[in-house]
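K.L.:
Any chance you can model this:
(2 chains)
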Amino acid sequence: MNGNETIEPVRDEWLGELLRELDVPQHGPRFHAELRRAVHEERRTTRRRGVLRWAVRVAAVATVAAVAIAVIGLPRGGKSPSLPGPQAASAAVVKSRIRTLLTTLHSVSGTLVAGGPRENGGRWQFALDSDGDLRLEGPRPGDVETYDASTGVVRSAEHSTSLGGDTLFYAERSGVAPGPPDQGPPTWVLPEQYGAYIRAALADTAPSVRETAYDGRPAWRLDVDTTPNTIVPDLSGDHLAITVDRATGMPVRIVESKHGAMLRELSIEHLALNPSLPASMFELALPAGADVMRSDDGFRHVPLDQVAADVGYRPLVPSWVPDRYRLADVAVARQATPTGKGGSNPPSRMVVSLSYRRGIDQFVVTTRLRGGGIWTDPLASPTGYTDTPTPITVGAGALAATDAQVVISAHTVPHMWTLSDRLVVTVGGDLTRPQLARIADSLQIR
Amino acid sequence: MEELDQVALARARRGDEGAFAALVRHYDTGLRRLAYRLLGDRARMDDALQEAYLSAYRALPRFRGDSSLGTWLYRIAYNACLDELKRTREVVDLESVRDRAQADGDPIDALSLRQTLAAALTALPLEDRTAVLLVDANGFDYRSAAEVLGIPEGTVASRLNRARAALRQTLQNERKGASNR
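P.N.:
Model (predicted):
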């Protein structure tokens, strides 16, 4: 402050009263209805992501890991600082290790731990397998969420503050989509983040890393700068330090900071690769007579040959997929929640979703009727982040000569999307930029 | 500034839509005042506040109470207004604000004063305008206003000094002019 200036009394009441008397218009007639719709949609989306808040925390852990690695690989993204010392590891080694791990895993379990001033020290035990089954427990004893891929149902029990601190809130969600842009099972967050971003970003460039130790084990540390969310900058950092276990290639610790001060620390403890997980682990029996909130996302699992009869058009199916990927699931929905940033796209109608899996990796091909209205990227990054898509022209197949966009972003799944005369088409998941383009070229009407 | 009760806050953080609607009702008048005076147009005010409320709803589960809920919400709304200004790259038209004030049909004496104040407020630099709206109109203390704006308290005081001096001078001139008429 200038030395000649003085701090006046805290408030100028006279001026304040005059200012408060100035005209303040009411909202437009549709404001509250639109806000209610958007909030309701966000609520549904949040529940579909995993119903429970701690499922979002899982996503947060994985997101930070993904962001860190994705940003390294993005030409437009944050820089990779040159780290001092003779212990620079080869990015190719890191890349190779992570690729090997992610494509061969059949199951994973461990404990996610959140710490730092922005967190409250919560712990969540997780277990998932290559079919997409998931179990999460925590942060309070009794909080459980399961996804049984064979039935496509998510069930949960959690302590609800709004119903009283000790009351368990039960929910069951059926008709779950295989994956993005429609809200899939909460299993998506782990393979999406640990797999997709890492592979896509590292395929673009080679980051610099250094050797370190974590929990007594050899590890690599990656430091990257990133751009905070413009809407809620206080909650997002400008720097990430990520530690990757050398033996497994798994990101095990992520520290997010802003202006040098830690915002949050997320880590994985008791990591187990390919543990034996009984099927009963992914089932949650809801108590008889319990008040259960039930919802249906509208997706039905069908054989591929039945799709055309259900949605009124023949599906687009890739004739090429990366090595060892297999078609694991086919689902259709006559109507589904709008996609895009804030659910801003027209309603999704006659959706076809094809899920391909390889280990815990996954990618999803979707089509839906275009209809009227303006479409934007169904897989766009959340509000507050800006994507930089790469335009491509599909070279062959059913979409030949169609303009499309490829997005490798720190804040959303790697993906390609385009509009044909009749359909909105997306390919998103654990794919590199060339793989996205090649799958787009291979799409055929089945 | 009166804060939302903790029960409603806890429910809103859990995603309770009704509790969130109560939160919106609680803070909406002040946020409309800020957004409208920063953006100068109801449609842009609505756009910015839609964005702000939805962002707040998404971020509420992560709200840890490092600052008050009001401060946090105003910060989000302020940033949404800045984004709206960047997006549209429009300059608030002083005359349009004056015209709107005239169209409101206030009694003539009050109308003149309000017109003058509204115009003078609009003529202030954005940062000074925000400071005086937060502190004098919406009841923030310096510390909370500093958190909303992301600046030191001393800078808030400087901006307030400038804003108050400019507004008072304008209002005094208006009164002198009225007494001479």
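
K.L.:
what's stretch B:78-87 in contact with?
P.N.:
A:230-233, B:34-35, B:38-39, B:44, B:47-49, B:51-52, B:55, B:126, B:130, B:148-149 (CB atoms under 8 Å, 6 or more residues apart in numbering or on different chains). Heads up, the C-betas are built off the backbone N, CA and C, glycines and all.

K.L.:
Same question for stretch A:380-400.
P.N.:
Contact with stretch A:380-400 is made by A:76, A:227, A:229-232, A:316, A:319, A:340-342, A:377, A:401-412, A:416, A:418, A:420, A:425, A:433, A:437, A:440-445, B:51, B:54-55, B:58, as judged by CB under 8 Å, 6+ apart.

K.L.:
Quote the end-to-end distance of it.
P.N.:
The straight-line separation of the ends of stretch A:380-400 (CA to CA, to the nearest Å) is 23 Å.

K.L.:
Run the chain-centre distance for it.
P.N.:
How far stretch A:380-400 lies from its chain's middle: 17 Å, per CA atoms, centre = their mean, to the nearest Å.

K.L.:
Please identify the buried residues of that stretch?
P.N.:
By neighbour count on 16 or more other CB atoms under 10 Å in any protein chain shown, the buried set for stretch A:380-400 is A:380-381, A:383-385, A:387, A:389, A:392, A:394, A:397-399.

K.L.:
do stretch A:261-279 as well
P.N.:
Those would be A:262-268, A:271, A:273, A:277, for stretch A:261-279 by 16+ other CB under 10 Å.

K.L.:
how about the helices in chain B?
P.N.:
Secondary structure of chain B by DSSP state H: the helices cover B:6-13, B:17-39, B:42-59, B:69-88, B:94-103, B:108-123, B:126-132, B:142-149, B:153-180.

K.L.:
Tell me which other helices or strands the last one touches.
P.N.:
Okay, so that is helix B:153-180. Helix B:153-180 sits against helix A:13-21, helix B:108-123, helix B:126-132, helix B:142-149, with contacts defined as 3 or more CB pairs under 8 Å, 6 or more residues apart in numbering or on different chains; DSSP states H and E.

K.L.:
Chain neighbours aside, what residue packs nearest to residue B:21?
P.N.:
residue A:36 (7.3 Å; CB to CB, 6 or more residues apart in numbering or on different chains).

K.L.:
same check, this time on residue A:405
P.N.:
Residue A:405 sits nearest to residue A:389 (CB to CB, 6+ apart), 3.8 Å away.

K.L.:
now do residue B:31
P.N.:
Per CB to CB, 6+ apart, closest to residue B:31 is residue B:77, 5.0 Å.

K.L.:
if I pick that neighbour, what's in contact with it?
P.N.:
B:31, B:34-35, B:48-49, B:52.

K.L.:
residue ranges for the helices of chain A, please.
P.N.:
Under DSSP H, chain A gives helices at A:13-21, A:31-50, A:53-73, A:91-104, A:189-190, A:198-204, A:307-311, A:433-442.

K.L.:
These: lowest mean pLDDT?
P.N.:
Per-stretch mean pLDDT for these is lowest at helix A:53-73 (a mean of 33).

K.L.:
Closest one to chain B out of the buried residues of stretch A:261-279, please.
P.N.:
Distances from chain B to these, taken as CB to the nearest CB, are shortest for residue A:264 (9.3 Å).

K.L.:
how near is the closest one to residue A:241?
P.N.:
12 Å (CB to CB, to the nearest Å).

K.L.:
Mutual contacts of those two, please.
P.N.:
Common neighbours of residue A:264 and residue A:241, counting by CB under 8 Å, 6+ apart, are residue A:255.

K.L.:
among the helices and strands of chain B, which one scores worst on average pLDDT?
P.N.:
helix B:94-103 (a mean of 42; mean pLDDT, DSSP states H and E).
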